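*Asks:* Can you look at this prediction? I've put the sequence above it.
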Amino acid sequence: MHNSPVSRRRMLSLIAGSAIVMPAVLTAGRAHAEQNKAIRDALKYQDSPMKGQQCSGCMQFVPGKTPKDRGGCKVIAGDTEISPQGWCTAWVAAPAK
């Protein structure tokens, strides 16, 4: 069996590739966060309930791992920081179970 170590040329190529890709990944993440902030602002999202309405009782809410964990929202795609006690103008009562 022949074990061949990674050549220096291959290693430098991987490092250079990573240096090019990482800023793009980080920028995309920031752009997504800014988009979510804009949508949250437009929907007047807040981390506290409004007049007895809260995200955990909304049909748009996607629960987190536990009932107290933050979850997602079908209206704000990709946002996983929605409080179960939060509220926004997109609130629609979830069907009774």
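*Replies:* Perfect, I can see it now.
*Asks:* can we go C-alpha only for contacts and neighbour counts from here?
*Replies:* OK.
*Asks:* Strands along this structure, start to end?
*Replies:* Along the chain, counting by DSSP state E, strands occupy 61-62, 72-73.
*Asks:* Least reliable of those by average pLDDT, please.
*Replies:* Lowest mean pLDDT within these: strand 72-73, at a mean of 94.
*Asks:* Measure how far that one is from the centre of its chain, please.
*Replies:* 8 Å (C-alpha atoms, centre = their mean, to the nearest Å).
*Asks:* if we can go back for a sec, quick one, which of the strands of the chain gets closest to residue 80.
*Replies:* Residue 80 sits nearest to strand 72-73 of all the strands of the chain, at 4.4 Å, using C-alpha to C-alpha.
*Asks:* What strands line up against that closest one, and which way round?
*Replies:* Neighbouring strands of strand 72-73 in its sheet, by DSSP bridges, are strand 61-62 (antiparallel).
*Asks:* Quick one: distance of the partner strand to the chain centre.
*Replies:* With C-alpha atoms, centre = their mean, you get 12 Å for strand 61-62.
*Asks:* what's the burial count for residue 96?
*Replies:* Close neighbours of residue 96, defined as other C-alpha atoms under 10 Å, add up to 5.
*Asks:* just residue 97 next, same as before
*Replies:* Applying other C-alpha under 10 Å, we find 3 other residues in the vicinity of residue 97.
*Asks:* Going forward, count from 27.
*Replies:* In the new numbering, first residue 27, that becomes residue 123.
*Asks:* Contacts only, for residue 94.
*Replies:* Contacts of residue 94 were listed using C-alpha atoms under 8 Å, 6 or more residues apart in numbering, and they are residue 110.
*Asks:* Ramachandran angles for it?
*Replies:* Main-chain dihedrals, residue 94, degrees, to the nearest 10: phi -90, psi -10.
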